[in-house]
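[1] Any chance you could fold what I've pasted below:
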Amino acid sequence: MTIHLNDLRFYAFHGIHPQEKKAGGDFLVNLTVQYPEASKQHTLDSTIDYVVLHDLVKQCMALPTELLENVAEDICEKIKSRFSQLSSIEIKITKIRPPIPGINGSTGITLQRTY
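    Numbering: from 1, shown residues only. Sure, this is the predicted structure:
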């Protein structure tokens, strides 16, 4: 089974440049988690609650961190510790219009973990 959370928007202060730490910026997070299907009768207890997933992502996005790689690692660790049945996680974090001179567009990372 696969659950997707797409285009989650956050305003955060991630980055190593002074402008990023001071001004902050908009971020998009896309998350995919996979887990073995426990039964054909799905209940909230037999699946992964996407509201909890969102809350875990939100907690990590709220903590200013220099590198998006570290934000992604923290998100994966929190999700895996909460949902041990996970078989994989993929997270993509995009920094929309970073406040860095010379960069016109977006930057981002993708992290994949298989358990």
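[2] ok, Gly105 to Pro98 distance?
    Distance of Gly105 to Pro98, given as Cβ to Cβ, to the nearest Å: 9 Å. The way it works is simple: take the backbone N, C-alpha and C, and place the C-beta from them, glycine included.
[3] now swap in Met61 and tell me
    Met61 sits 15 Å away from Pro98, taking Cβ to Cβ as the criterion.
[4] And Thr2, by the same measure?
    Distance from Thr2 to Pro98, by Cβ to Cβ: 30 Å.
[5] Any regions of this structure where pLDDT drops low?
    For the chain, applying pLDDT under 70 flags the ranges 38-46.
[6] Strands along that one, start to end?
    2-12, 25-34, 88-96, 106-114 (DSSP state E).
[7] So what are the sheet partners of the third one and their directions?
    Strand 88-96 sits in its sheet next to strand 25-34 (antiparallel), strand 106-114 (antiparallel), going by DSSP bridges.
[8] what's the closest of those strands to Cys76?
    Comparing those against Cys76 with Cβ to Cβ, the closest turns out to be strand 106-114 (5.2 Å).
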